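# one predicted model, sequence on top.
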Amino acid sequence: MKRRNKQLLVENEYVKELLAVLKENPSPSGKDFAEMIAHVGELENRLAEAVEELKTMRQELQQVQNRSLKAVLQKSCKSLENNISNMRQKLAELKDHIIEGCQKALSAFKERGTSALDGLSRFFHVKPMLEGIRKAIDNSIRIDDNAVSKIQTLSAEYHQAGRHLKNMGRALVGKEPVAEVKSPGRLSKVIAAPYKADRACMTAAQKSIEKAIDSVTRLQESAERRPSVLRAMQENGEKVQPPAKKAVPAVSKAER
């Protein structure tokens, strides 16, 4: 398995160099590229937070005594582990691809100058990678929602059963039954907390990935528009050129 790149993307020497070149040579493509790098950086931070929440989740899971609930949460925790591992791998591949694209863009810039920066998107075919990460994020959000729902449902059932037992005891001593249902206990809130925190991380990551995809889309559209502009300029140039003079046929001596 390929070793993950643990260095933050924005700290990579080639990324920093290309950003500096684009800053010195402002263009819409440069702005969109810088925004994409920033949003991928946000994604790195959110994923790091999710890894920490997963650690908390495992710790809280040890406190669960209810076997049914514990089995459900162990399954959801395992699913999140696999999904986060998948996202980390995809993110590492994305970063490697971006760094490689930066190297190629810089080489082209050193060979041809600023003209090489036109159509910058040809060095960064990352949209499918970003969309793959987005699907993994959506999956994590679904896992978190299902886990919180199960915790709330099983906790309510547990309290309901407890109320019935309590009322049986009250009936034996001639007391009125308790009608109200208690809200989920402190333990269920503690158990649900890391799932809710992870969901918040994934929701923030979802926004970052959407913005990164928008930046890449604008980068591609900018590259597609430029050939059209050049073609229009060429066509207009041809129109303003004076028409070519018609050749006058030579008259032979016999016809004079």
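Arrived safely, thanks for sending.
# which residues of this structure score low on pLDDT?
Low-confidence segments of the chain, defined by pLDDT under 70, span residues 1-5, 156-187, 225-256.
# and with 80 instead?
Applying pLDDT under 80 to the chain picks out residues 1-6, 28, 63-66, 68, 154-188, 222-256.
# for the most centrally placed residue in it, what are its contacts?
Central residue of the chain (Cα atoms, centre = their mean): residue 209, 2.8 Å from the mean position. Residues near residue 209 by Cβ atoms under 8 Å, 6 or more residues apart in numbering: 39, 43, 130, 133-134, 137. Quick note: C-beta positions are derived from backbone N, CA and C, even for glycine.
# filter those residues to the buried ones?
The neighbour-count test (16 or more other Cβ atoms under 10 Å) marks 39, 43, 130, 133-134, 137 as buried among these.
# in helices, which of the residues you listed fall?
Mapping the buried ones among the contacts of residue 209 onto helices (DSSP state H) picks out 39, 43, 130, 133-134, 137.
# shouldn't residue 197 be in contact with residue 51?
No - using Cβ atoms under 8 Å, residue 197 makes no contact with residue 51, being 11.9 Å away.
# the more surrounded of these two?
For residue 197 versus residue 51, the count of surrounding residues by other Cβ atoms under 10 Å is larger for residue 197: 18 against 15.
# any idea which element the residue nearest to the more buried one when sequence neighbours are not counted lies in?
Distance criterion Cβ to Cβ, 6 or more residues apart in numbering; nearest residue to residue 197, sequence neighbours excluded, is residue 53 at 4.8 Å. According to DSSP states H and E, residue 53 maps onto helix 28-61.
# for the helix or strand where residue 17 lies, buried residues please.
If you go by DSSP H and E, residue 17 is part of helix 13-24. Using 16+ other Cβ under 10 Å as the test for burial, helix 13-24 gives 14-15, 18-19, 21-22.
# before we move on, what about stretch 21-35?
For stretch 21-35, the neighbour count (16+ other Cβ under 10 Å) marks 21-22, 29-35 as buried.
# could you do stretch 121-128 as well?
Across stretch 121-128, burial judged by 16+ other Cβ under 10 Å covers 121, 123-124, 126.
# name the residues that touch it?
29, 33, 36, 94, 97-98, 101-102, 104-105, 108, 213, 216-217, 219-220, 222-223.
# may I see the ChimeraX selection of the buried members of these?
In ChimeraX, this line selects whichever of the contacts of stretch 121-128 come out buried by 16+ other Cβ under 10 Å:
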select :29,33,36,94,98,101,102,105,108,213,216,219,220,222
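# keep only those of the contacts of stretch 121-128 that are in helices.
Counting by DSSP H, the part of the contacts of stretch 121-128 found in helices is 29, 33, 36, 94, 97-98, 101-102, 104-105, 108, 213, 216-217, 219-220, 222-223.
# if we can go back for a sec, now the contacts of residue 209 in CSV, with distance to residue 89?
What follows is the contacts of residue 209, written out as CSV (distance: Cβ to Cβ, whole Å):
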residue, distance to residue 89
39, 19
43, 14
130, 14
133, 10
134, 15
137, 14
